[in-house]
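Q: need a structure here:
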Amino acid sequence: MSGQKSVTPSAESLVASVKAAKTRGLPPVEKWNPPFCGDIDMQIKRDGTWFYEGTPIGRIGLVKLFSSILIREDDDYFLVTPVEKVGITVEDAPFIAVDFEISGKGEDQRLTFVTNLDDVSEAGPDAPIRVVRDAQSGEPSPYILIRRNLEALIDRKSFYRLVEIGVHHDGWFGVWSAGEFFGIIPSDELPD
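A: Here you go, the predicted model:
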């Protein structure tokens, strides 16, 4: 950022700030309101890989630390600490849902997803599943809410498993979880 004389935010300054906050569990980012300090060269690719200055972040503990301070405002993503807020780039969703467990059956079924960073989310009223279809190809991109307003892209193998357990309900083909029905595709658009 040309013209600025202040210290440029970095991954190291973020780590130091989070460690200084000394929180247990997820940091209370919703209570922090630091000034915006600019963007840093950090990116989350569609496959869930985190990059810093063009290099993949290989330490999973560091990625988990950064993911714990991630927030989303409208379509923008930020890492926040008590003292700084920096913008990062997210290609699609910040997490990947890599698997899920099924308990119960029918409308009492519960689907509990786990992400590439070990976050756990049970699909239901507070953690909906949604499917966006590409306007050109019709290709589905399924998501589940993980926490706050952060979603995980459901990986292909898990999506295929969802389709295997799908049922028809009110003109839609989809899945039940925690008493909610999540439509995947209109029933009349399914091939015979």
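Q: what does the helix or strand containing residue 174 rub up against?
A: Residue 174 belongs to strand 172-177 when assigned by DSSP states H and E. Strand 172-177 is contacted from outside by 106-111, 122-124, 129, 162, 165-167, 169, 181-187, 190, using Cβ atoms under 8 Å, 6 or more residues apart in numbering. Using the backbone N, CA and C atoms, a C-beta is placed for each residue, glycine as well.
Q: what subset of those is buried?
A: Buried members of these, scored by 16 or more other Cβ atoms under 10 Å, are 109-111, 122-124, 129, 162, 166, 182-185.
Q: circling back: let me see the mean pLDDT of the strand holding residue 174.
A: For strand 172-177, the mean pLDDT works out to 97.
Q: gap between it and the chain center?
A: How far strand 172-177 lies from its chain's middle: 21 Å, per Cα atoms, centre = their mean, to the nearest Å.
Q: in strands, which of the buried ones among the contacts of strand 172-177 appear?
A: Judged by DSSP state E, those include 110-111, 122, 129, 182-185 as members of strands.
Q: lowest pLDDT pick from those?
A: Among these, pLDDT bottoms out at residue 185, giving 91.
Q: gap between it and residue 140?
A: As judged by Cβ to Cβ, to the nearest Å, residue 185 and residue 140 stand 7 Å apart.
Q: what part of this protein, helix or strand, is modelled with the least confidence?
A: Sorting the helices and strands of the chain by mean pLDDT, DSSP states H and E puts helix 11-21 at the bottom, at a mean of 64.
Q: excluding its backbone neighbours, what's nearest residue 161?
A: In this structure, residue 161 finds its nearest non-sequential neighbour in residue 100, 7.2 Å apart by Cβ to Cβ, 6 or more residues apart in numbering.
Q: hang on, that neighbour in a helix?
A: No: going by DSSP: H, G, I helix; E, B strand; the rest coil, the assignment for residue 100 is strand, not a helix.
Q: got the contact list for it?
A: 111-114, 158, 161-162.
Q: bridged to the closest residue to residue 49 other than its chain neighbours, which residues?
A: Take residue 49 and drop its neighbours on the chain: the residue closest to it by Cβ to Cβ, 6+ apart is residue 56, 5.4 Å away. Beta bridges link residue 56 to residue 51, judged by DSSP bridges.
Q: ok, now residue 44?
A: Going by DSSP bridges, residue 44 forms beta bridges with residue 50, residue 90.
Q: and the pLDDT at it?
A: 98.
Q: okay, and residue 132 sits in which element?
A: Short version, using DSSP H and E: residue 132 is in strand 129-133.
Q: give me the buried positions along that strand.
A: 129, 131.
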